[in-house]
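Student: Build me a model:
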Amino acid sequence: MSDLKELEELLVNAEVEKALELISKIDDKKAAAEFLNDFAASLMAQIGDYPNAYLLLKKALELNPEIPEAYYNLGLLLSEPEVLRVNSKNLDDAIANYKKAITLNPKLARAYYNLGLIYAYTGKKKEAMENYNSAVKNDPKNRERYDNILYILKKKRL
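Tutor: Take a look at the predicted model:
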C-alpha cells in the first residue's frame, strides 16, 4: 500500500495521531501537504470536525508553506461562528490567513470575498469594498455571489 493510501485509510478511520506520525515517513511532502489540505477541507464541510481539520491544515502548511488553499481553508475554519465562540482572537488569525492566501495567489477571489465579509461584519466599509472589488475583478462571472458584501454594508448602513 502506498504511503498516501495508508494516510487516507488512517484519516478515514479517524486515526489522526497515527496519520500525523506516518507523514514523517512519506517522501513526497508536497503531495502529502496537498492531500492533508483537501482532507481537512472535507472534514470541515462534511462533518464540521474543526479540531482535526485545524491539525491537518497546520501540518499541511508545515510540510509546504506555499499552498494558498490551505491558508484559505484555515481562514475559513477560524472564521466559523462555532470556532469564534471559543476565542474571538481567531478572527484576527482568519484575516491573516486570508491575506497570506491572497499573497500566494492574488487571483483567489473567494479569499477576497471572505475577507470582505469579515470587514463588512466588523464595520470596515473601505476594506470590505476593496475586497469586494478584488473578488469581482478576479471572478467577474460570479459577481452576484459576492454581492452579499454589499447587502451587509447596506444593512449596517455603512
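Student: Contacts for stretch 150-157 next, please.
Tutor: Residues outside stretch 150-157 that contact it (C-beta atoms under 8 Å, 6 or more residues apart in numbering) are 117, 120-121, 123, 125, 128-129, 132. (C-beta placed from N, C-alpha, C; glycine too.)
Student: redo that, cut-off 6 Å
Tutor: Contacts with stretch 150-157, where a contact means C-beta atoms under 6 Å, 6 or more residues apart in numbering, come from 120, 125, 128.
Student: Can you give me every residue that contacts the last one?
Tutor: Applying C-beta under 6 Å, 6+ apart to Ala128 gives the contacts 116, 119-120, 149, 153.
Student: can you check the first one too?
Tutor: By C-beta under 6 Å, 6+ apart, Ala120 lies in contact with 128, 149, 152-153.
Student: Tabulate these (TSV), appending pLDDT.
Tutor: Shown next, in TSV, are these (pLDDT from 0 to 100):
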residue	pLDDT
Ala128	93
Ile149	85
Ile152	83
Leu153	83
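Student: Residue ranges in the protein under the pLDDT threshold?
Tutor: For the chain, applying pLDDT under 70 flags the ranges 1, 158.
Student: Which residue ranges of it form helices?
Tutor: Secondary structure of the chain by DSSP state H: the helices cover 3-12, 16-23, 29-42, 50-63, 68-78, 81-86, 90-104, 109-121, 125-138, 143-146, 148-155.
Student: elements contacting the first one?
Tutor: Applying 3 or more C-beta pairs under 6 Å, 6 or more residues apart in numbering; DSSP states H and E, one finds that helix 3-12 contacts helix 16-23.
Student: ok, now how distant is the spatially most central residue of the chain from Val16?
Tutor: Of all residues in the chain, the one closest to the mean position by C-alpha atoms, centre = their mean is Asn73, 1.4 Å from it. Going from Asn73 to Val16 by C-beta to C-beta, to the nearest Å gives 16 Å.
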